[in-house]
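# Give me coordinates for this.
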Amino acid sequence: MRGAHAHGGEDLCDAGLDLYTRALREGRVSTEEADKAPCPLDLGLLQPDLGDLRWLRPVSPALALQRLLRGAEERIADERRREERLAAVFEPLMAAGTGSAPLAETPTISVLSGLDRIGEAIQRAVADTSGEVLTIQPHTNRTHSPAEIHAEALVRDQALLDRGGRIRTLYQHTLRHAPGILARYERLRGDVEARTLDEVTQRLIVVDRRIAFIPANQDRTLALEIRHPAIVGFLATAFDRLWRLATPMHPRAVEPPSPEGITPRQRAIAALLVEGHTDAVIADRLGMNIRTARVHIAKLAATLGSESRAQLGYLIGRSGILGQQEADE
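Residues are numbered from 1 along each chain as shown. So this is what the prediction gives:
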């Protein structure tokens, strides 16, 4: 029965506690019962009845506790002696590591688990700089972060701006008129700018071009903290190139031109239609729900006089609107 009742040798499970309690109340329990819950016997809470080995008698709780605590103290002492031995072994190695070759003191890529831990790591990185923070904030159909997280981010960003720092943020065009984002920029004071693109990457935060944070799973409960100079530099350069292509949103909003009655949103959809993407993929890429994407597709078809999806692709190519988009960029 021990295999079926396996748990840590230093633990007292509920069944074992019940057995020990009954032994204290009745004066003894049978060895057969102890076979089903052996932990009281293993912990020395029960001992054989020398007059009749079919039974086990309880040890006084005070005596049992004193014995268990003494065992814990001995284990702690063993761990301390182990620490001393390890320190003695590593002391000359640490001295040898102070030569000319630099040693990495922190990992270049760390995995952060949980929204709280991710937020704390970002908070520490931003608090240590008075320089530049670059962020990409994509649209998401998943549940938004709690209001307190947004409030903490606002306080963190304003503190950076108050220290003379600067913030640059890229959003998707679908968020240009989002009330929460507009309210955020109404409250921030300092060197802060925002621009928008039809498509952006997954979330990115680059602090002082030294540290970067990117998501490591779909629901963003895992993140990577990156300190490798080459990787962080690559991400910062990618941001810079997207920034130059983006349309200003704050502090001075600029609406992209709409030649021939085709809106910038419809031109972005047209480019994805020509590539053969489905409505669902187009909606996901451009950060909108599928109904909104289909409304834009219908308006685009009406503007170009298309009667079918296949004809729409042909008319998009003939209209030259995609070439106009490249010229605008």
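
# where in the stretch 201-329 of the chain is pLDDT low?
Low-confidence segments of the stretch 201-329 of the chain (pLDDT under 70): 253-261, 322-329.

# can you give me the helices in it?
Remark: helices assigned in the stretch 201-329 of the chain by DSSP state H, counting those that start in this stretch are 229-245, 264-274, 279-286, 290-304, 309-319, 321-328.

# Compute the inter-axis angle for the fourth one and helix 279-286.
Here helix 290-304 runs at 100 degrees with respect to helix 279-286, directions being taken by axes from the mean of the first three to the mean of the last three C-alpha atoms, to 10 degrees.

# So which elements touch helix 290-304?
The helices and strands touching helix 290-304, judged by 3 or more C-beta pairs under 8 Å, 6 or more residues apart in numbering; DSSP states H and E, are helix 264-274, helix 279-286, helix 309-319. All C-beta atoms are positioned from the backbone trio N, CA, C, and that covers glycine.

# Alpha carbons of stretch 168-186, as CSV, please.
Extracted in CSV, the C-alpha atoms of stretch 168-186 (Å, rounded to 0.1, in the frame of the first residue of the first chain):
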residue,chain,number,x,y,z
ARG,A,168,7.9,56.7,-29.4
THR,A,169,5.0,54.3,-29.9
LEU,A,170,3.6,52.6,-33.0
TYR,A,171,-0.1,51.5,-33.2
GLN,A,172,-2.2,50.1,-35.9
HIS,A,173,-4.5,52.5,-37.8
THR,A,174,-7.5,50.8,-36.2
LEU,A,175,-6.5,52.5,-32.9
ARG,A,176,-6.1,56.0,-34.1
HIS,A,177,-9.4,57.1,-32.6
ALA,A,178,-9.6,54.7,-29.7
PRO,A,179,-10.9,56.7,-26.7
GLY,A,180,-8.5,55.1,-24.2
ILE,A,181,-5.4,55.8,-26.3
LEU,A,182,-6.5,59.4,-27.0
ALA,A,183,-7.1,60.0,-23.3
ARG,A,184,-3.7,58.6,-22.5
TYR,A,185,-1.9,61.1,-24.7
GLU,A,186,-4.0,63.9,-23.4
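
# So which bits of it are buried?
Using 16 or more other C-beta atoms under 10 Å as the burial criterion, the residues of stretch 168-186 that qualify are 168-176, 181, 184.

# Make sure R168 is indeed in a strand.
Yes: R168 sits within a strand when classified using DSSP: H, G, I helix; E, B strand; the rest coil.

# what bridges to it?
Beta-bridge partners recorded for R168 (DSSP bridges): L134, E193.

# And it, how close does it get to L182?
Here R168 is placed at a distance of 17 Å from L182 (C-beta to C-beta, to the nearest Å).

# Deepest in the core, which of the helices and strands packed on helix 290-304 is it.
helix 264-274 (a mean of 21; mean count of other C-beta atoms under 10 Å).

# and it, how far out from the chain's middle?
Taking C-alpha atoms, centre = their mean, to the nearest Å, the mean C-alpha location of helix 264-274 is offset from the chain mean by 32 Å.

# cool, and stretch 274-282?
The answer for stretch 274-282 is 29 Å, by C-alpha atoms, centre = their mean.

# Kindly report the same for stretch 285-300.
With C-alpha atoms, centre = their mean as the basis, stretch 285-300 stands 29 Å off its chain's centre.

# about what we covered before: to D35, which of the helices of the stretch 201-329 of the chain lies closest?
helix 229-245 (58.4 Å; C-beta to C-beta).

# Let's see that closest one as CSV, backbone CA atoms only.
C-alpha atoms of helix 229-245 as CSV (Å, rounded to 0.1, in the frame of the first residue of the first chain):
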residue,chain,number,x,y,z
PRO,A,229,23.4,44.0,-28.1
ALA,A,230,23.1,42.5,-31.6
ILE,A,231,19.5,41.4,-31.1
VAL,A,232,18.4,44.6,-29.4
GLY,A,233,20.0,46.6,-32.1
PHE,A,234,18.2,44.6,-34.8
LEU,A,235,14.9,45.2,-33.1
ALA,A,236,15.5,48.9,-32.7
THR,A,237,16.5,49.3,-36.3
ALA,A,238,13.3,47.5,-37.4
PHE,A,239,11.3,49.9,-35.2
ASP,A,240,13.1,52.9,-36.8
ARG,A,241,12.2,51.7,-40.3
LEU,A,242,8.5,51.1,-39.4
TRP,A,243,8.5,54.6,-37.7
ARG,A,244,9.6,56.3,-40.9
LEU,A,245,6.7,54.6,-42.9
